[in-house]
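Novice: Everything below, folded, please.
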Amino acid sequence: MRQAITTSLVDGIRQAWHDDAGLGLYAGLLDLYLENGTVIVAGEVPTIGVKKRAFFGANAFCRRVVDRITVAPRQPMDDSEIEEMLIDAYAGEPLFSDIHVRLRQERLHPVSDGSAAIGVSVEQGIVHLAGSVPGLDCKRLAGVMAWWIPGSRDVVNGLSVPPASTFDSLAEAVRQVLEKDPCVEAAPVRVGARDSDVTLAGTVTSPDQRRLAELDAWYVFGVDNVINRMTVRR
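Specialist: Now for the predicted structure:
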């Protein structure tokens, strides 16, 4: 049955945002409105965790939600700079050695030559990925690497994978990303996953390590929630 979108439903979403301990501080940065029978969530927030909490908080009330929330870039960059940096990063990643990476001049035209390829385009700091890759590990890592570019404000990961792709362990995907990140000491971090929730545990050397590991987990495609139980060594 099609759900009616009412003012009271929108008010309920706003209240849920304010009541969320990890989101309430940033609820004032978020915009929420109706457009052609759809709930639009928008605004610029400081982290990917806030973005995902806001979207999934709204999605719990209504399935017709469009996410237009962006993340404040860590460094101002032109779209062309983001594209160049990301394509160079992909070129240096061994997992993508057999995947053709190219710039897509027109975002609306998909990469469709049948080979493994990643098409990259950036519009106003929003990275769009399209094409086909051999498995979910490639799709997830490509998305995270796009988030790692300092000027990225959002990543729309439209990469397709074969239906028979077997790399579907979310915990292993997060572990792989942590090990790939040169800024994170991955060894002490223990990763668990249940459905789309990821739990991080272990003892790390600094608050920055704790924060960066959590960000990496949030960046992974398919992660809807991160529970950070890591402690900092005293």
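Novice: For the closest residue to Pro134 other than its chain neighbours, the count of nearby residues, please.
Specialist: Once flanking residues are discounted, Pro134 sits nearest to Ala116: 5.8 Å by Cβ to Cβ, 6 or more residues apart in numbering. Yep, even glycine has a C-beta here, placed from its N, CA and C like the rest. Other residues near Ala116 come to 18 when the count uses other Cβ atoms under 10 Å.
Novice: got a list of what Ala116 touches?
Specialist: Ala116 sits next to 98-100, 131-134 when contact means Cβ atoms under 8 Å, 6 or more residues apart in numbering.
Novice: what two of the residues you listed are the furthest from one another?
Specialist: Farthest pair in the contacts of Ala116 (Cβ to Cβ) is Asp98 and Gly131. Separation: 13.2 Å.
Novice: Please work out the average pLDDT along whichever helix or strand Lys52 is part of.
Specialist: Using DSSP states H and E, Lys52 sits within helix 48-59. If you average the pLDDT over helix 48-59, you get 94.
Novice: Give the buried residues for it.
Specialist: 48-55, 57-59 (16 or more other Cβ atoms under 10 Å).
Novice: which one of the residues you listed is nearest Glu83?
Specialist: Closest approach between the buried residues of helix 48-59 and Glu83, by Cβ to Cβ: Ile48, at 20.2 Å.
Novice: When Asp98 and Gly131 are compared, which one has more neighbours?
Specialist: Gly131 (24 against 11).
Novice: Who are the packing partners of the helix or strand harbouring the more buried one?
Specialist: Taking DSSP H and E as the definition, Gly131 sits inside strand 126-132. With contacts taken as 3 or more Cβ pairs under 8 Å, 6 or more residues apart in numbering; DSSP states H and E, strand 126-132 sits against strand 117-123, helix 136-148, strand 154-157.
Novice: Asp181: which of the ones you listed is closest?
Specialist: When the helices and strands packed on strand 126-132 are compared by Cβ to Cβ, helix 136-148 sits nearest Asp181, at 7.6 Å.
Novice: and the angle from that closest one to strand 126-132?
Specialist: If you take axes from the mean of the first three to the mean of the last three Cα atoms, to 10 degrees, helix 136-148 sits at 160 degrees to strand 126-132.
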